[in-house]
Structure formats: structure tokens, C-alpha cells
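A.B. asks: With the sequence up front, the predicted model follows.
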Amino acid sequence: MSAYGLLIDYEWCTGCHTCEVACQIEHALPTDQWGIKIMNVGPWEYAPKKWQYAYLPVPTDQCDLCKNRVEKSHTPTCVKHCQAKCLKYGKVEKLAEELAKKPKQTLFSL
Amino acid sequence: MEETMEETMEANAEANTEEKKEKVDKKHYTLINHKKPFRYDEDGLHVTRSCGWSAPGCHLGCGLLMYTNDEGRLVKVEGDPENPFNEGRVCCRCLALPEVVYHPDRILYPMKRNKEDRGKDKWEKITWDEAYSLVAEKFNYYKDTFGPETIAYYAGTGRDIGQYLTRLCWGSGSPTFVFQMSGQACYSPRVAGCFANTGAFWLGDYSQQYPDRYNNPNWQVPECIVIWGNNPIISNSDGLYGHWVVDCMKLGSELVVIDPRLTWLAAKAQHFLQIRPGTDAALALGMIDVIVKEDLYDQEFVSCWCYGFEELASRAAEYPLSKVSEITWIPANEIAEAARFIAKSSNAILQWGVAIDQTKETVPTAQALLAIFEITGNIDKPGAMVPPTNILNYAAGWGAEFLSREQDAKRLGQDKYPLLKMGFQECATDEVMNCLESGKPFKLKAAWIQTTNFLACTGVDPKRTLKAHMNYEFIVCVDLFMTPTIMALGDVFLPACTFAERDGLRIGDGMQRAETINKVIEPLGESKSDMEINLEIGKRISPEAWPWKDVEEMYSSIIDETGYSFKEMQEVAPGYPAFEYQMHKKSMLRQDGGVGFETPTGRIELWSHFYNMASLDPLPAFEEPTPGPVATPELLDEYPLVLTTGARNWSMFHSEHRQVPHLRAIHPDAIIEINPATAKKYGLKDGDWCWVENHLGRCKRRVVQTPIVNEQTCSTDHGWWLPEKEGALDEGLYGLWDMCVGNLIEYNCGKSGFGANYKTLLCKIYKVEEGE
Ligand code: SF4
Ligand code: SF4
Ligand code: SF4
């Protein structure tokens, strides 16, 4: 059986918190627990006018890949609602193929 | 793609003609090929397509799926993937809607309080009958005894309330429609400026007018998007779903970002100009000078469609790069390069926002910005600036026909600001304040304040605002929650419900589309929809303006001209009216059917006849913001930092959402962003509480150290109050006096009567001592 995961195109993640709240509401998590959490990397200026300024959503131990939704053939709620359309759910092998096609992505096998 | 949609539309129309034979022909809207009816069942829950349009929420009205259970409870809210507007996406605010709906602090019963007890938590529950009778009796008394103009109607930001409120106001003969913000400094200055000189408003073309969006064959990706003084991914004015900018970036659009802060978008921009707050007009004029001198303007567009180019060019020549660089704090070469980039792009969008309105000389500022896009021919073409499609005109105000000329002449501020006479329907807020305080030219008697929390949000100088408003003899407030404004001022509280608990229309600002808001649960307690409250009061104070039996009949009557009844529109929404480019060439913009634009010369007026008639400078110009490092250098020793306000937050809309757990957790405190070097200089570090103070007052902010602002500038958010704190006036009014950035701002509008310096202040910062 192949594993499933989340492919994250962090080049476009705006840090909008939609995935965090979508997951919290879906799983009835309290305000201080997350199934996915945004990390802010930056901002710092590493060369004149060149800024490192990125967000990276990280799935936590509480992420169950939206088991209940997926069983009913819905997409995970963070993926569905992501405002930058930068999250993808699928089989890890398939996502790995897409990972190879574009830089600034990361793949979480869950 | 288009054809399939049109076929669906016809099929739907046919199905509906049987029941409604007497109705006017249905207007042509391109519809979505919905897979399911607008209400269906799924996994044991009931699902309703709807639209998220206030309260709570924002300006937009994203397409939503509302999930309810058999017990009639709202279980969750999701985005509607079939809705082209947001394509299934939503922000965290609509996701957390159930926490708003079922919030224990919601007020669910009408209440009254003795006038002497204003500011005290001494509310008494009453019935709706009692509430309606009380309000109607008082309003009719003031209207008949002192004149309808002595009753003021207050609306907040543009959401699903303004049009019903204008009707309540004008329908009863009152011209006193108030947006409690100095210089009405939000949206209307820009809209007004556009209409004055081009006869239309102009929006960025992100393909939002097409149901097939980015795939529409007529649309083109903007080569350049100029984000000027806003952070659209967080804020969302003018009907813009901010992440469309990200969509376009993925398709190849490059950004120019003009902002005092290095935002995430700025970090990804081709050109980022870190501007000194309030100097936008100078920057725009400097850019125009570069574009003119280097012959980069669109000569054909200018010679065929613009009036006053020579005059504009010579005005811009007064702003050479060296001077502009000194004014704006932006290096000259960066200005020139950005100007060239915009001018050489085949199509460019001006994504402007409220920063342009919230500057005292907003009129010439907006004029200067738009002129860049006019002389480069970025008007009325794909992926550039386009006029919004219209379904209904009521969004700008509904019920104007009830206001006689004689009554309109009593609208406050027209004597002082001639521009207000020229097609505007609002009062000059600064003059409303003067009127409240002086009782001249008449004494204001009563106020109707609906879903606006101006003491905490739009209104500046809250102490003065409060004192002036205490002069009203009778104040009625409509809202979901108790707010500082209502606690301080209200005599009657009428509880409104959320958009989950009511029907409604979403045909508002931006590109209009035919959308309905669909009720999915019964209103909690005795709360009622804003519209039902307005209809019921309307029937009692101006029955001729409110002839409908219920709200559904009222909605159907509003959309009568579309040929759809409310029920029919619920089934098919969203509907998209036809859209075309190059309308000025196709004689589609002028009432007389000629080519060109709806202006005195038929051209875009770079030199404005309209402003000239209103005794204003016909050309754009720059004036130093006051207070500011140049205008008031004497203040600099004491207040060395430039402060900009109103930074938007992901999880909160203006003064809303402070009591919603999952949203407040994302942004628990009011913050001030300070450069690390500046923080160090003033002995502050990340997480410290500091006072932000100027010559008018101070407020508390938590320090966030960040390099996104330069060492001279700091930035703060607005709309703060603390619902968890004591509400009574003598116990701090929900922390308002400490938290309100309005403490540092005064009523002081621009020469036109529009605009005020909300975003350009001077301040000092110092640590909050223990116990403070
Ligand atoms: S896949 Fe589901 S459980 Fe996992 S982070 Fe996303 S929303 Fe949360
Ligand atoms: S929803 Fe998408 S864009 Fe927003 S923070 Fe999460 S991953 Fe980033
Ligand atoms: S932007 Fe957010 S709050 Fe506004 S309608 Fe869309 S989802 Fe709701």
C-alpha cells in the first residue's frame, strides 16, 4: 500500500493561516493545537534588495490527512481551502514526480 | 466553454418561465453549470450554496457551502469550488463563522437603557413590539417637530447594509447620511475622483468578470501589477479577492510594490519602492515626468482620448527625480526604473487601496496615480484597468428619489465643500462633528447607528467623538455584539443576526455578479436580519418607501429589472453580465451615445473641468502631510518617528472578530512594527508593551521587531478594543482608551472635504511601566 502525503509549493504560500484554521475547525482542535502550522522563514536581506521571506506550512503529529473527508472522497480541508492553491494531496510517488518538476516545493510523507 | 454556459442559462430560463409568465424577460447572464441544486444533502448533512457577505466578514462575498444538520445547526462552512470568484478558497474568517454564530456574547434580544445611564451596563430586555414602537414614536416626533434632517443615519464600511440604510435615511426625508470617518477617507474619494475625470470607476482586470476566469480567451495576463499602498492578499477592497494577485504572478505577472513596509508581495516584486507615508502624489508626478520626458507614454491613446496632456506634463516637470527622491525617501534611480517598467509593460494594473483615500489631499493624489495609467493607455483593455460591470445601481445608494432637492440642500458640508454638491450624497463628516457640537445650522436630535463601531474604528479622536455624540437625545444601535460605541452611546439595542441566519443579495462593489445570500438556520434568540429591521422601522417612519410585505418581496422588487425573482436567482446564482473591452471606442460609456468618456470634453481629463468648477486645482499636485517630518519639523525632537496605521490582519476585519477564539488566537494583541535598530534605540524588545504617543494622545501596542520597516517608520494596526475587559465607560469601555490608535488622529479633512491623514503621523515610543 502506498503512502499518502502533502506536496507544498512554498514559493507561493502567503502565510494566510487558512490551512491552520481549516484543520482546527475540521478536527475540533483548540486554539493552541494545530494539525498544520505555518513557519515564517525570514524576512532577512541576504544581498542588496534580495530578501529571504517565505512561509512554510508544516503538518504536525495531529495531521491525519483528513481521514474522514478522504473516505468520503473529499479533499483534505487545508488543500481545498488554501488561498494560494499551493497544497496538493496524493500518493507520495505521484507527488514526488511533481516535486521534481519545480523548485521551492517540499513533500511531506505522512 | 462560453456556449455551454449560455445553453445552461437558456435551459434554466425556460424552466422558470412557466411559473412567472408575467415577468419581464430575463436579462442575459452567463451562468455556472451547477452539478447540484442550491440546496442538497451530503454525508448526512444539508448543504446550501451561499455567499459570505456580512455581518460578519468583509467586502467580498465569497461563494460558500454552508453545512447544517438535522437539528438546524450550522456545523461548518466551506468554500464553493463551483464559484468562479474564489474557486473554493476562503480565508480563515468564514471558516470560523460558526464560532461567531454561536458565540455566548451575542446579543439576542432587543434592549433599552435610560439616556442618563449611557456608558453603564444597565440594559433592560424589551420585546420587538416595544422596541419598534419606541423608535418609531421618537423618530416620528423629531421628524415632524424639528425636521427629518435632524435624524442621522450611520453606516460602516461598504457591506450588505449601506443600501438599506440609505433608503431608511432618504426615504424618511433626511439628507444626514453619515460615514463616521474624517474626510470620508475610504473608497469614495477614489471613486469620486475617477468619475469626475473619466466618467467611470476603474478596477484591475483579473478576469473576475468572466465565469471561466483565467481561461477566458478575451482576457490577458497583466504584465505588470502595481500594488500601491495596500496589501491585497490580506485586505480586499474594490471587490478584489487578494490571492488573484498570486494567481496572476503564477501566470507571469510581475509586481511593482509601493509601500512603507516590505510585505511578502514586496519581497517578490520586480520593483519595491519603500515610500515615506503620505508622499504618493509626489512619487506619481515624478514617475509621470520620467514617462513624459523619455517618450514612454502611449501617444495614440493620449492624442485620441486624453485632454490636458501638455498641462499635466508641465505640472509633472515641477517634480524632477532629485526633488521627488528627497520627498519620498526613495532613490531616484529606483523611481525611474519602476516608471519605465510600468510604461513599457503591454498592460498594467493599478492595484490601489485605502492609503490613497487616507491622505489629506486625497483628490490630487488619486488623480496623479491614475494619470500614470491613463497616459500609458492602460484603460479599458485586457489585463489593465477596466470599468466594473453593473447589474444594479443601488449599491451606491438606494432610495435617492425620496430625497427632495430642498431636503438635500440641508446636507451638511456642502457650503464649505462645493465638491459635495456635485453628484455626492453623503455629508462631510467633519461638518457633522461641528454641527453636533455647535447646534448649527440645526440641532441634530437622533441617530441610527447600524453595524458600525466608530469609536473603536473609523472615528478619530474618540473622546471628542463620544462627547459630540452625547448631544443626541436618542440613539438606536443595531449590531451582533455589544461594542464600545453602543455601550457608550446607545439608548436602544436592536440585535442583528449573521448572514447564516438570513437571506440577502450580494450585488455590490467591484464587478457586479448576481449572487444571493441564503438563509441556512433560524436566527438565534430573537435576533433579526438587518434588512428586516430596516423594513420594519421603515414601514413605521416612511411607509411610502417600504411597500413590501416581507424581505423576500423587497429583494424581488430590487432585482425586478433583472427579470429574476429572488427565488429564481437563488437557484441559478452566480450570474455574470456581459462584458466588453474598448467600450470607449464602441460608444458604450457616454449617455449621449458618442464615443469616448462621460466627461465635459468626452476625453479622460488629465486637466479636470470638474475640479476647476469645484474651485479645486484642476491638475494633480503634492502637499506635505501634516503632521510630518517636513511640514512640522518643530515636532520632530519630541516625536521623531513616522507612524502609519491601519495595517490589516488575516483573521480580523476592522474592529470585528476580537471575540472569536480561533481568529483572535492568530493575532491576540494590537502590535506596532518597529525596525530592530529603532527598538534598540528606545530600549524596547520583541513582545514588550509600549506607548505610542504624539501631541494628541497615546495608545498601547506590543512591539514586533522587523526589518520590513525602515528605521524612521513604524506601522500599527487599527480597530482595537478588548471584548474580554470591562465594558462600562468608567471602567475603560472594553480597553478602548488604551487601545485606540484614533487617540493620535484628529478630525482634519482635505480642501475638497475628502481625505484625512490617518496613515501619516509622527510619534514617539516608550515602554509601558508596570501597573499602567
Ligand atoms: S490534511 Fe487534514 S489533518 Fe492534515 S493538516 Fe491538512 S487539514 Fe489538517
Ligand atoms: S492556506 Fe495555503 S497560502 Fe495560506 S498559509 Fe496555508 S499553505 Fe500558505
Ligand atoms: S474574503 Fe474571507 S471573510 Fe471575506 S467573504 Fe471571502 S472567505 Fe469570507
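C.D. replies: Perfect, I can see it now. Ligands and ions are numbered 1, 2, ... in the order given.
A.B. asks: show me the contacts for the residue of the stretch 351-500 of chain B found nearest ligand 1.
C.D. replies: Per Cβ to the nearest ligand atom, residue B:500 is where the stretch 351-500 of chain B lies closest to ligand 1, at 22.3 Å. (C-beta placed from N, C-alpha, C; glycine too.) Residues near residue B:500 by Cβ atoms under 8 Å, 6 or more residues apart in numbering or on different chains: B:50, B:66, B:74, B:77, B:97, B:101, B:519-521.
A.B. asks: again, but for residue B:613
C.D. replies: B:418, B:422.
A.B. asks: now residue B:76
C.D. replies: The neighbours of residue B:76, taking Cβ under 8 Å, 6+ apart as the test, are A:25-26, B:67, B:95, B:98.
A.B. asks: Need the pLDDT of the most far-flung residue of chain A relative to its centre.
C.D. replies: Taking Cα atoms, centre = their mean, the residue of chain A most remote from its mean C-alpha position is residue A:48, at 30.3 Å. Looking at residue A:48, its pLDDT reads 94.
A.B. asks: cool, and residue A:28?
C.D. replies: Note on residue A:28: pLDDT of 97.
A.B. asks: Can you tell me the SS state at it?
C.D. replies: Residue A:28 falls in the coil class when you classify it by DSSP: H, G, I helix; E, B strand; the rest coil.
A.B. asks: measure it to chain B for me?
C.D. replies: From residue A:28 across to chain B, the span is 10 Å (Cβ to the nearest Cβ, to the nearest Å).
A.B. asks: Can you list phi and psi of that residue for me?
C.D. replies: phi 50, psi 50 (degrees, to the nearest 10).
A.B. asks: what number of residues lie near it?
C.D. replies: Residue A:28 sits with 6 neighbouring residues when counted by other Cβ atoms under 10 Å in any protein chain shown.
A.B. asks: Next, the contact list for it, please.
C.D. replies: If a contact means Cβ under 8 Å, 6+ apart, then residue A:28 has no contacts.
A.B. asks: same thing with residue B:96?
C.D. replies: Contacts for residue B:96 (Cβ under 8 Å, 6+ apart) come out as A:21, A:25, B:651, B:657, B:660, B:662-663.
A.B. asks: Next to chain B, which bits of chain A? Give me the list.
C.D. replies: Within chain A, the positions near chain B by Cβ under 8 Å from any Cβ of the partner chain are A:12, A:14-18, A:20-22, A:24-26, A:31-32, A:42-45, A:49, A:51, A:53, A:55, A:72, A:77, A:80-85.
A.B. asks: Quick one, which of the residues you listed are buried?
C.D. replies: Burial by neighbour count, judged by 16 or more other Cβ atoms under 10 Å in any protein chain shown, picks out A:12, A:14-18, A:20-22, A:24-26, A:43, A:51, A:53, A:55, A:77, A:80-85 from the residues of chain A next to chain B.
A.B. asks: which ones among those residues come in contact with ligand 2?
C.D. replies: Filtering those for neighbours of ligand 2 using Cβ under 6 Å from any ligand atom leaves A:14-18, A:55, A:82-84.
A.B. asks: Return the member of those residues nearest to residue B:107.
C.D. replies: Distances from residue B:107 to those, taken as Cβ to Cβ, are shortest for residue A:17 (28.1 Å).
A.B. asks: That closest one and residue B:90 touch, don't they?
C.D. replies: No - the pair residue A:17 / residue B:90 is not scored as a contact, 11.5 Å apart, by Cβ atoms under 8 Å.
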